[in-house]
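1. sequence plus predicted model, see below.
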Protein chains: 2
Amino acid sequence: MKYGEIITSRNNPLIKLYRKLSSSKKERSSLKMFVLEGVRIVFDALKENAPLCRIFITESACLRYSSELERYEADNMAVTVISDELGSYISSTEQPQGIFAQCRMPEQISLDSFVKKDKKYIVLYKLQDPGNAGMIIRTADALGIDGVIFSESCDVFSPKVIRSTMGSVFRLPLLQAADINEVFESFAVCGIRTYASVIDKDAEDIKSADFSGGAAVLIGNEGNGLPEDISESCIGRITIKMHGNIDSLNAAMATGIIMWELKKFE
Amino acid sequence: MKYGEIITSRNNPLIKLYRKLSSSKKERSSLKMFVLEGVRIVFDALKENAPLCRIFITESACLRYSSELERYEADNMAVTVISDELGSYISSTEQPQGIFAQCRMPEQISLDSFVKKDKKYIVLYKLQDPGNAGMIIRTADALGIDGVIFSESCDVFSPKVIRSTMGSVFRLPLLQAADINEVFESFAVCGIRTYASVIDKDAEDIKSADFSGGAAVLIGNEGNGLPEDISESCIGRITIKMHGNIDSLNAAMATGIIMWELKKFE
């Protein structure tokens, strides 16, 4: 681990880069890097051997965490100490913990190598809320789902999603797929049946659904659900029967219950 | 509905009262009132005939929502117009929608009248996060759980919990019980079996648990789970087997899955 000089200027190019990666999806995509903030997620990334290229740590946080940091062998990683003021400047939280990192994105593999026979997948189509996306990744990891595909959804690598995955983003197979039709094709090639998750009392009750073999469930936007054409492209339509108001089941919670049922067929 | 004069002063007693109710649990308990903020939750409260005693609306929001407000017959409710500046002042969100309400707490019924034979309950013991509490209330409402009991947990009537329940707080039977031993006694009297939710691979897998008849599941603190003595006071110990890291399952998500399984026995 290499320590550089203390950075104090907002105009330092490393600080400018961090801020760009934090705020811009375009920047993240073109540089194939993203940022992490907070003690928990940075140490999770170290434990999971995530490809961190730089850690920023404030002077105050340095006193607290430098010995713990030293425990990790990370030859290619630079540790840059920044002033506390700069820590507040680059932080996206109200009470910054003073530790930040820059991480390389995993190599995006092709859909065809991502999708495998007899496995269970979740596809998020136009899901927008980063908190929901993070919670779904976290739960998919806990329950042992084989992969989550993001299509036209919020950016997996936005700081908010990353934070709310609580480290699961470094463990769970994730894919960003721009074209949903290609996703359907890959599933078809592998014999994976596709199910649209809908709010419709005439759809099949998830309690009686048969998810044996390969299965993928598509989850739509929080407000609008799945568009009709996407839902019709699926082999089945499943629903969670509700007692209360239809708004009572949050998208992440519904997806959690769906994943729970999916995993019973193994 | 009665409109008063426009309030512009931070020292107005109504504004001072709103702020106290918003920030202090003690104040809420002694006055038996709580506050709501936001278009969605205030209109949900009106739809569910919640006992609102006053609505505050900013001048800007008034232009947008006053005709919709007029639709509700609420004879005992005053509508007070406040300046936009005051709206920002009393708001607990960064982008206030300019509509707030003061609501009377439902009469707290006794544990003995709350707990009924053959029903399904969730007990939150020392659960701290308002977002988790709100999500649990919302999901319990969606899935048709018969009641949620809060014991030594965060305040059900804090603005954060109320907001994250998305209106379910007005529909779901809720009880605050100071003494957990009395909760156990009431369950025993009604023949309701109690289960401790734990992270322990030796506990009974929730997939094979038999929740027929009356059943209550106790959920502990996010970081520490249930204390040993509480867990031992329960008839059974259940767990959700996990694939990933034990931290991967958030408390609200775990409770959602438990409620889903509970409701299969009806």
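-> Yep, that arrived. Everything numeric here is computed off the predicted structure, so don't read it as measured data.
2. which residues in the stretch 151-266 of chain A form strands?
-> A:174-176, A:193-197, A:204-205, A:215-219, A:236-239 (DSSP state E, counting those that start in this stretch).
3. could you identify which of the ones you listed is most buried?
-> strand A:215-219 (a mean of 25; mean count of other C-beta atoms under 10 Å in any protein chain shown). To be clear about C-beta, it is placed using only N, CA and C from the backbone, and glycine gets the same treatment.
4. the closest residue in space to residue A:90 that isn't next to it in sequence and residue A:165, how far apart?
-> The spatial neighbour of residue A:90 that comes closest, neighbours along the chain excluded (C-beta to C-beta, 6 or more residues apart in numbering or on different chains), is residue A:18 at 5.5 Å. According to C-beta to C-beta, to the nearest Å, residue A:18 stands 20 Å off from residue A:165.
5. show me which of those two is the more surrounded one.
-> Remark: of residue A:18 and residue A:165, residue A:165 carries more neighbours, 27 against 24, as counted by other C-beta atoms under 10 Å in any protein chain shown.
6. contacts only, for residue A:243.
-> By C-beta atoms under 8 Å, 6 or more residues apart in numbering or on different chains, residue A:243 lies in contact with B:141, B:142, B:143, B:144.
7. filter the residues you listed down to the ones close to chain A.
-> Among those, the residues within reach of chain A (C-beta under 8 Å from any C-beta of the partner chain) are B:141, B:142, B:143, B:144.
8. neighbour-wise, which of those residues leads?
-> Most crowded among the ones next to chain A among the contacts of residue A:243, counting by other C-beta under 10 Å, is residue B:142 at 28 neighbours.
9. what's that residue in contact with, if anything?
-> A:240, A:242, A:243, A:244, A:245, A:248, A:249, A:253, B:168.
10. hmm, 6 Å instead?
-> The neighbours of residue B:142, taking C-beta atoms under 6 Å, 6 or more residues apart in numbering or on different chains as the test, are A:242, A:244, A:248, A:249.
11. would you confirm that the second one contacts residue B:139?
-> No: under the criterion of C-beta atoms under 6 Å, residue A:244 lies out of contact with residue B:139, with a separation of 9.1 Å.
12. between the two, which is the more surrounded one?
-> residue B:139 (30 against 20).
13. for the more buried one, identify the helix or strand it belongs to.
-> Per DSSP states H and E, residue B:139 falls inside helix B:130-143.
14. distance from the chain centre to stretch A:155-173, please.
-> 4 Å (C-alpha atoms, centre = their mean, to the nearest Å).
15. actually stretch A:8-28, not the one I typed
-> 21 Å.
16. would you put the C-alpha positions of it in PDB?
-> Extracted C-alpha coordinates of stretch A:8-28, given in PDB (Å, rounded to 0.1, in the frame of the first residue of the first chain):
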ATOM      1  CA  THR A   8      -6.200  19.600   0.500                       C
ATOM      2  CA  SER A   9      -7.300  21.300  -2.700                       C
ATOM      3  CA  ARG A  10     -10.700  20.900  -4.400                       C
ATOM      4  CA  ASN A  11      -8.900  21.300  -7.700                       C
ATOM      5  CA  ASN A  12      -6.700  18.300  -7.300                       C
ATOM      6  CA  PRO A  13      -7.300  16.100 -10.300                       C
ATOM      7  CA  LEU A  14      -7.800  13.000  -8.200                       C
ATOM      8  CA  ILE A  15     -10.600  14.800  -6.300                       C
ATOM      9  CA  LYS A  16     -12.100  16.000  -9.500                       C
ATOM     10  CA  LEU A  17     -12.100  12.500 -10.900                       C
ATOM     11  CA  TYR A  18     -13.700  11.100  -7.700                       C
ATOM     12  CA  ARG A  19     -16.500  13.700  -7.900                       C
ATOM     13  CA  LYS A  20     -17.100  13.000 -11.600                       C
ATOM     14  CA  LEU A  21     -17.400   9.200 -10.900                       C
ATOM     15  CA  SER A  22     -19.700   9.900  -8.000                       C
ATOM     16  CA  SER A  23     -22.100  12.000 -10.000                       C
ATOM     17  CA  SER A  24     -22.000  10.900 -13.600                       C
ATOM     18  CA  LYS A  25     -23.100   7.600 -15.000                       C
ATOM     19  CA  LYS A  26     -21.500   8.500 -18.300                       C
ATOM     20  CA  GLU A  27     -18.200   9.100 -16.600                       C
ATOM     21  CA  ARG A  28     -18.400   5.800 -14.800                       C
END
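17. tally of neighbours for the nearest residue to residue A:257 once chain neighbours are set aside?
-> Closest residue to residue A:257 in three dimensions, ignoring its sequence neighbours and counting by C-beta to C-beta, 6+ apart: residue B:260, at 5.2 Å. Neighbour count for residue B:260, taken as other C-beta under 10 Å: 22.
18. and residue A:57, how far is that from chain B?
-> 23 Å (C-beta to the nearest C-beta, to the nearest Å).
19. in this structure that residue contacts residue A:101, no?
-> No: judged on C-beta under 6 Å, residue A:57 makes no contact with residue A:101 at a distance of 9.2 Å.
20. residue A:35 against residue A:20, yeah?
-> No: at 9.5 Å, residue A:35 does not count as touching residue A:20 under the criterion of C-beta under 6 Å.
21. these two: which has the busier surroundings?
-> With neighbours defined as other C-beta under 10 Å, residue A:35 and residue A:20 compare such that residue A:35 has more, 24 against 15.
22. a strand runs through that one, doesn't it?
-> Yes: Residue A:35 forms part of a strand when assessed by DSSP: H, G, I helix; E, B strand; the rest coil.
23. that one and residue A:53: what is the separation?
-> Taken as C-beta to C-beta, the span from residue A:35 to residue A:53 is 11 Å.
24. which neighbours do these two have in common?
-> In contact with both residue A:35 and residue A:53: residue A:102, using C-beta under 6 Å, 6+ apart.
25. enumerate the residues of the stretch 1-150 of chain A near chain B.
-> Selection of the stretch 1-150 of chain A residues close to chain B by C-beta under 6 Å from any C-beta of the partner chain yields A:138, A:139, A:141, A:142, A:144.
26. rerun at 7 Å
-> Contact residues, the stretch 1-150 of chain A versus chain B (C-beta under 7 Å from any C-beta of the partner chain): A:135, A:138, A:139, A:141, A:142, A:143, A:144.
27. make CSV out of the strands of the stretch 151-266 of chain A and add distance to residue A:227 and mean pLDDT.
-> Formatted as CSV, these follow (distance: least, C-beta to C-beta, whole Å; pLDDT from 0 to 100):
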stretch, distance to residue A:227, mean pLDDT
strand A:174-176, 19, 95
strand A:193-197, 10, 98
strand A:204-205, 19, 96
strand A:215-219, 10, 98
strand A:236-239, 13, 97
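28. lowest-confidence helix or strand of chain A?
-> The weakest-scoring helix or strand in chain A, judged by mean pLDDT, DSSP states H and E, is strand A:2-3 (a mean of 61).
29. how about residue A:167: what's its closest non-neighbour residue?
-> Distances taken as C-beta to C-beta, 6+ apart put residue A:44 closest to residue A:167, at 3.2 Å, once the chain neighbours are dropped.
30. give me the contact list for the host helix or strand of the one you found.
-> Applying DSSP H and E as the criterion places residue A:44 in helix A:39-47. For helix A:39-47, contacts defined as C-beta atoms under 7 Å, 6 or more residues apart in numbering or on different chains pick out A:36, A:52, A:55, A:65, A:72, A:97, A:99, A:101, A:103, A:162-163, A:167, A:170.
31. list the buried residues in that helix.
-> A:41, A:42, A:43, A:44, A:45, A:46 (16 or more other C-beta atoms under 10 Å in any protein chain shown).
32. how about that helix as CSV, C-alpha atoms only?
-> Output of helix A:39-47 as CSV, limited to C-alpha atoms (Å, rounded to 0.1, in the frame of the first residue of the first chain):
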residue,chain,number,x,y,z
VAL,A,39,-16.2,2.2,6.4
ARG,A,40,-18.5,-0.8,5.9
ILE,A,41,-18.6,-0.9,2.2
VAL,A,42,-14.8,-0.1,1.7
PHE,A,43,-13.8,-2.9,4.1
ASP,A,44,-16.3,-5.2,2.5
ALA,A,45,-14.7,-4.4,-0.9
LEU,A,46,-11.2,-5.2,0.6
LYS,A,47,-12.4,-8.5,2.1
